[in-house]
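J.: I would like to see how this sequence folds:
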Amino acid sequence: MMQLGHVLYKTTNLKLAVETFRKKGFRVEFGSNSKPHNALIYFSEGPYIELLEKAPIARWKLSLLRLLRKAKVAERLEQWEKADEGFFEICLETYENNFKRVEEVLVQHKQSFFVTQSKRLDPQNRQLRWKLLFPYELQLPFMMTYFNIDPKPADFVHPNGIRKIKSVRYSFDSELSRIFRLICTDSLLELNEKKTAIQVFYTT
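T.: I've put the predicted structure just below:
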């Protein structure tokens, strides 16, 4: 149903993080040309990495979410702001243009959620569009539909020889594991019930 879409890496200085990953031999591009809040490390196949300096939403929109009784969504985004440096979150992804099957699972298990749309103009002037689903349960990862335009480079190997993400070790609450496994069975994810930092492993 869903697969691992990307892994989020928190930084307090986006430009510095981009420089650091480039020195490690990764090709990194900013999310946009004008005042970017994120940067991306794409691979030709599989999940990618998103470097994030701050939550991709204005403060007034967070307040609006609370007024619209979407406080849990605002809380998740604020947690992104406060996250420590490093990998801190994952996003699940579907190639379908909606979340119908996921919504059925969440409703069945009495889990509330919020669906919205997003877009951005990337450095290649491609208008990328996608949909987002935010579970109110913060232990469940957020989800997205795949971009309307595929931004991944074809048959690409990073200067350091890395071709793709091999696996991601992810800490997960065992009480929610049944819901998670109904939504996602991606073999790239190694679920760990112990509270540990997210670890990313690569294939050369």
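
J.: where do the helices sit along the chain?
T.: Secondary structure of the chain (DSSP state H): helices at 14-23, 59-67, 71-82, 100-108, 177-183.

J.: And those: which comes nearest Asn160?
T.: The closest of the helices of the chain to Asn160 is helix 14-23. By Cβ to Cβ, the value is 9.8 Å. For the C-beta atoms, the positions are set from N, CA and C on the backbone; glycine is no exception.

J.: Any idea how far that closest one is from the middle of the chain?
T.: 19 Å (Cα atoms, centre = their mean, to the nearest Å).

J.: Check stretch 121-131 too.
T.: Here the centre of mass of C-alpha atoms in stretch 121-131, compared against the chain's by Cα atoms, centre = their mean, lies 16 Å away.

J.: now do stretch 37-46
T.: The mean C-alpha position of stretch 37-46 is separated from the chain mean by 10 Å, Cα atoms, centre = their mean.

J.: Can you get me a residue count around Asn38?
T.: Under the neighbour criterion other Cβ atoms under 10 Å, Asn38 is assigned a count of 18.

J.: Not counting residues beside it along the chain, what's closest to it?
T.: Ranked by Cβ to Cβ, 6 or more residues apart in numbering and with sequence neighbours excluded, the top spatial neighbour of Asn38 is Gly31, at 4.2 Å.

J.: if I look at that neighbour, how far off is His37?
T.: Taken as Cβ to Cβ, to the nearest Å, the spacing of Gly31 relative to His37 amounts to 7 Å.

J.: try Cys184
T.: Cys184 sits at a distance of 26 Å from His37 (criterion: Cβ to Cβ).

J.: and these two? which has more neighbours close in?
T.: Neighbours were tallied for Cys184 and for His37 using other Cβ under 10 Å; the higher tally belongs to Cys184 (23 against 16).
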